[in-house]
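Colleague: Whatever this is, show me its structure:
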Amino acid sequence: VSYVVGKDRIIFATKEDHETPSSAELVADDPDDPYEEQGLILPNGDINWNCPCLGGMASGPCGEQFKSAFSCFHYSTEEIKGSDCVDQFRAMQECMQKYPDLYPQEDENEEKSSKDLEATSVEASAAKEEKGSS
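Modeller: Below you'll find the model as predicted:
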């Protein structure tokens, strides 16, 4: 027994329905379905803009600029891949600078201090190992 309410169809299963084996067939996933999580590049060579690996970059306020730059790089046939995409990457960078909260920029000072921190922690762990071996 079933009836339709709005866009939904409500089906009531009877005891007999549960006693007969299911006739449902499992269908293999469609490899060209762009909504399946298949990684960055789909089997047909297209870019999977829904890939979680892009971290939402394709859908933010600079999504169109990102897609343009990334597509250009992906399909670039130049000897130095992407060397023909400077304008697209510049447009993306200019857009991202308008949204510093969404796209934090690493300036040289931050980069330097994180490298210094890394070097300090490596030196500290090396010193601990030396103390432990004596």
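Colleague: what secondary structure does residue 59 sit in?
Modeller: With DSSP: H, G, I helix; E, B strand; the rest coil as the basis, the three-state label of residue 59 is coil.
Colleague: Could you report the neighbour count for the nearest residue to it once chain neighbours are set aside?
Modeller: By the measure of C-beta to C-beta, 6 or more residues apart in numbering, the closest residue to residue 59 outside its immediate chain neighbours is residue 49, 7.8 Å from it. To be clear about C-beta, it is placed using only N, CA and C from the backbone, and glycine gets the same treatment. The tally of other residues near residue 49 (other C-beta atoms under 10 Å) stands at 17.
Colleague: For residue 49, give its distance to residue 100.
Modeller: Shown here: residue 49 relative to residue 100, a distance of 24 Å by C-beta to C-beta, to the nearest Å.
Colleague: Residue 9 now?
Modeller: Note on residue 9: its distance to residue 100, by C-beta to C-beta, is 49 Å.
Colleague: ok, now residue 15?
Modeller: According to C-beta to C-beta, residue 15 stands 63 Å off from residue 100.
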